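structure for the following, please:
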Amino acid sequence: MTILVTGATGTVGRHVVDQLIQRGQKVRALTRNPLQANLPHDVEVVAGDLSDPSTLVPALVGVSGMHLITTGAEYTPLQTGPEIIELAEKAGVRRVTVLWNGEKGPFERAVEASSLEWTQLQAFEFMANARKWANSIRSEGVVRDLFGGSRIAPVHEADIGKVASIVLTEKGHAGKIYVLTGPESLSVQDKVRIIGEVIGRDIQYIVSSEEEEREQMRRMGVREDAIDYVIRWHLNPPKSVSTVLPTVEEVTGQKPSTFAEWVKENAKLFVK
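Predicted structure coming up:
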């Protein structure tokens, strides 16, 4: 069984690839820049762009499972979901996972209306989002962030990868929406404290202005409409985002990773 992973070099996609390999699966990785993919040698890397569904036709040959993302370049929602799903059905794909943000659009509706065995994976926040603070922590020992008042239960990307790999290779998950969280509800101040404890450095938290937050996201390559959405969402997040859920453990049989564990794995990002 060949499984196609879209967004294979991304924050979550790379973990999906790794977890599928660990489960002995044949993996085909879709990326816009195959020469820069830097994926394991036993992964078949193919070129393709989800914003241009015609480029997926060769990549879908012989594929029975597929991990999909619903955003394209610069973190913008894809408008090509219905075309992608139609191509997947025609190619004989049977099972898909869809990583989405909880905002149901054309992509999600096309998946739900299809003949595919679909499972939607929703994560409110990746632990990897803390990488945006790396430069200021290394250079100044400071975190500037607009969203100090919100609490979220972030999830480790590797745990999303574990869930996706199980869903794509085992029965019993079709038609389900899995909301994935880590084991703790954390504020920005909590995360800053934990990073400081792990790397052994006092880190100051400073509330940034909205324009400073916007500029930080622009430097990360986020488009203005996506920036607008992120800021609106974080300034008035749904109450559910702070609720810790048992989904990761229920699906994988393993407790989800803590934020401290994520920081230990990525400590080099925050030290000189």
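
leaving out chain neighbours, which residue sits closest to Thr55?
Gly48 (4.4 Å; C-beta to C-beta, 6 or more residues apart in numbering). Placement of C-beta: from N, CA and C, glycine included.

so what's Pro106 up against?
Gln79, Gly81, Pro82 (C-beta atoms under 8 Å, 6 or more residues apart in numbering).

repeat that with 6 Å
When contacts are counted by C-beta atoms under 6 Å, 6 or more residues apart in numbering, Pro106 touches Gly81, Pro82.

let's have the chain start at 25 instead
Noted, 25 is the first residue going forward, which turns the last one into Pro130.

mind listing the helices for the stretch 25-174 of the chain?
37-46, 105-115, 130-137, 158-164 (DSSP state H, counting those that start in this stretch).

out of those helices, which is the most enclosed?
helix 37-46 (a mean of 22; mean count of other C-beta atoms under 10 Å).

related to what we said a few turns ago, ok, the residue nearest to Thr79 to Ala83 distance?
Gly72 sits 5 Å away from Ala83, going by C-beta to C-beta, to the nearest Å.

what do these two both touch?
In contact with both Gly72 and Ala83: Leu54, using C-beta under 6 Å, 6+ apart.

returning to that earlier point: what about the residue nearest to Thr79, distance to Val191?
22 Å.

which of the helices of the stretch 25-174 of the chain has the lowest mean pLDDT?
In terms of mean pLDDT, the lowest-scoring of the helices of the stretch 25-174 of the chain is helix 130-137 (a mean of 93).

spit out the contact partners of the closest residue to Ile109 other than its chain neighbours.
Here the nearest residue to Ile109 in space, its sequence neighbours aside, is Ala134; by C-beta to C-beta, 6+ apart that works out to 4.4 Å. Residues counted as contacts of Ala134 (C-beta under 6 Å, 6+ apart) are Gly105, Pro106, Ile109.

so what's the residue count around Lys263?
By the measure other C-beta atoms under 10 Å, the count of residues near Lys263 is 7.

phi, psi of the residue nearest to Thr79?
Gly72 adopts backbone torsions of phi -180, psi 160, taken as degrees, to the nearest 10.

re earlier: looking at the helices of the stretch 25-174 of the chain, which is nearest to Ala147?
In terms of C-beta to C-beta, the element of the helices of the stretch 25-174 of the chain nearest to Ala147 is helix 37-46, at 11.7 Å.

can you lay out the contacts of Ala134 as CSV showing distance to Leu28?
Formatted as CSV, these follow (distance: C-beta to C-beta, whole Å):
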residue, distance to Leu28
Gly105, 15
Pro106, 18
Ile109, 13
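
between those residues, which sits nearest Asn290?
Gly105 (31.6 Å).

if we can go back for a sec, who are the contact partners of the residue nearest to Thr79?
Leu54, Thr79, Leu80, Ala83.

who are the contact partners of the third one?
Okay, so that is Leu80. Contacts of Leu80 (C-beta under 6 Å, 6+ apart): Gly72, Leu111.

switch to 10 Å and redo it
Leu80 sits next to 28, 30, 54, 70, 72-74, 87, 90, 104, 107-108, 111-112, 115 when contact means C-beta atoms under 10 Å, 6 or more residues apart in numbering.
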